[in-house]
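Enquirer: this one's structure only:
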Ligand SMILES: NC(=O)c1ccc[n+]([C@@H]2O[C@H](COP(=O)([O-])OP(=O)(O)OC[C@H]3O[C@@H](n4cnc5c(N)ncnc54)[C@H](OP(=O)(O)O)[C@@H]3O)[C@@H](O)[C@H]2O)c1
């Protein structure tokens, strides 16, 4: 299928749905018992069904997720793919970011990243220094666009002020249940300032699909869609929001892709925004992934 694309005013564009690689090849550590072929097959199944955006990070399975992604994309048309990776919190210094990016490129086996991100804000390294490194990567042609993850509105504003290139993307925990970015103004800030907000953990690892509240049940009935499709469609129905999910199962993948290409009525989007019960915040949690 053709995945709908979100385009910023500054020209940066990316598919509304991408494939995440957290838990592929391991978690924080590489898992030598991992079924690598299953992970590679899952990524190829996604490409076969039109997924072009893939998200990884140097810390995923100690870089091994990147290696698996490299194996999955081997032989594919690189120009059609949008690959993002991230410098870890331990690598926010100028030289460390350059070295981290080059190591990630080597593991993925690509000459450039479409998007390169800071994995999180580290207060003891001046953002000016990290942004200078991202600008250098763009100048050297190793990176096409730059962004951040888990940045607050204030840190994102500072990053935008310090970088020469536009910050096109902030990847944060956002789903029907976790609404921090609405409450703290980040979502509005991204809309107002031409930044895509990428929602990670969109189905809360499947947990929000188990016994969902009546409001989701009713909308699933109304649209003839599954709970996952309602959860994902709600995210990408919002103007500046894209999302990324990880799945090893073709059934889940196809279900998730069925969340795209249709729109919920505006009042239902708003109903889910304001009427979903038990909304939670994640400010005190150090995110995994
Ligand atoms: N920047 C950050 O700090 C950060 C943090 C976390 C994640 N991320 C990125 O965001 C991506 C997405 O996050 P995530 O992987 O945690 O999100 P997620 O898609 O909400 O969770 C993945 C889990 O949900 C299950 N799942 C997916 N679709 C499903 C469906 N339709 N029905 C039931 N279960 C389903 C998958 O199981 P199966 O494999 O069994 O299908 C998998 O275990 C990550 O892979 C990573 O690339 C970034």
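Expert: Structure received. Fair warning: this is a prediction, and the values are worked out from it, not measured in the lab.

Enquirer: what does the chain put close to the ligand?
Expert: Residues of the chain lying close to the ligand (C-beta under 6 Å from any ligand atom) are 20-22, 55, 119, 149-150, 171, 200-206, 209, 228, 244-249, 252, 255-256, 287, 289. Bear in mind the C-beta positions are built from the backbone N, C-alpha and C, glycine included.

Enquirer: those, buried ones only, as a PyMOL selection?
Expert: Here is the PyMOL command that selects the buried residues among the residues of the chain next to the ligand (16 or more other C-beta atoms under 10 Å):
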select buried, resi 20+21+22+55+119+149+150+171+200+201+202+203+204+209+228+244+245+246+247+252+255+256+289
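
Enquirer: enumerate every residue touching the residue in the chain positioned nearest to the ligand.
Expert: Using C-beta to the nearest ligand atom, the single residue of the chain nearest to the ligand is residue 20, 2.1 Å away. For residue 20, the contacting residues are 55, 200, 244-246, 289, by C-beta atoms under 8 Å, 6 or more residues apart in numbering.

Enquirer: what pairs with it across the strands?
Expert: As for beta bridges, residue 20 partners with residue 55 under DSSP bridges.

Enquirer: quick one, strands of the stretch 101-250 of the chain?
Expert: 115-118, 146-149, 167-173, 196-200, 241-245 (DSSP state E, counting those that start in this stretch).

Enquirer: in a markdown table: these, plus mean pLDDT.
Expert: Converted to a markdown table, these look like this (pLDDT from 0 to 100):
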| stretch | mean pLDDT |
| --- | --- |
| strand 115-118 | 98 |
| strand 146-149 | 98 |
| strand 167-173 | 97 |
| strand 196-200 | 98 |
| strand 241-245 | 97 |
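
Enquirer: could you dump those to a markdown table with distance to residue 188?
Expert: Shown next, in a markdown table, are the strands of the stretch 101-250 of the chain (distance: least, C-beta to C-beta, whole Å):
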| stretch | distance to residue 188 |
| --- | --- |
| strand 115-118 | 21 |
| strand 146-149 | 17 |
| strand 167-173 | 13 |
| strand 196-200 | 10 |
| strand 241-245 | 12 |
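
Enquirer: quick one: which of these is nearest residue 3?
Expert: Nearest to residue 3 among these is strand 241-245; the distance by C-beta to C-beta comes to 9.9 Å.

Enquirer: circling back: so which of the strands of the stretch 101-250 of the chain comes closest to residue 278?
Expert: Taking C-beta to C-beta, strand 167-173 is the member of those nearest to residue 278, at 15.7 Å.

Enquirer: the closest one vs strand 196-200, what angle?
Expert: 30 degrees (axes from the mean of the first three to the mean of the last three C-alpha atoms, to 10 degrees).

Enquirer: neighbouring strands for strand 167-173, and are they parallel or not?
Expert: Here, using DSSP bridges, strand 167-173 pairs with strand 146-149 (parallel), strand 196-200 (parallel).

Enquirer: possible to save those strands as TSV with distance to residue 218?
Expert: TSV is the format used below for those (distance: least, C-beta to C-beta, whole Å):
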stretch	distance to residue 218
strand 146-149	34
strand 196-200	22
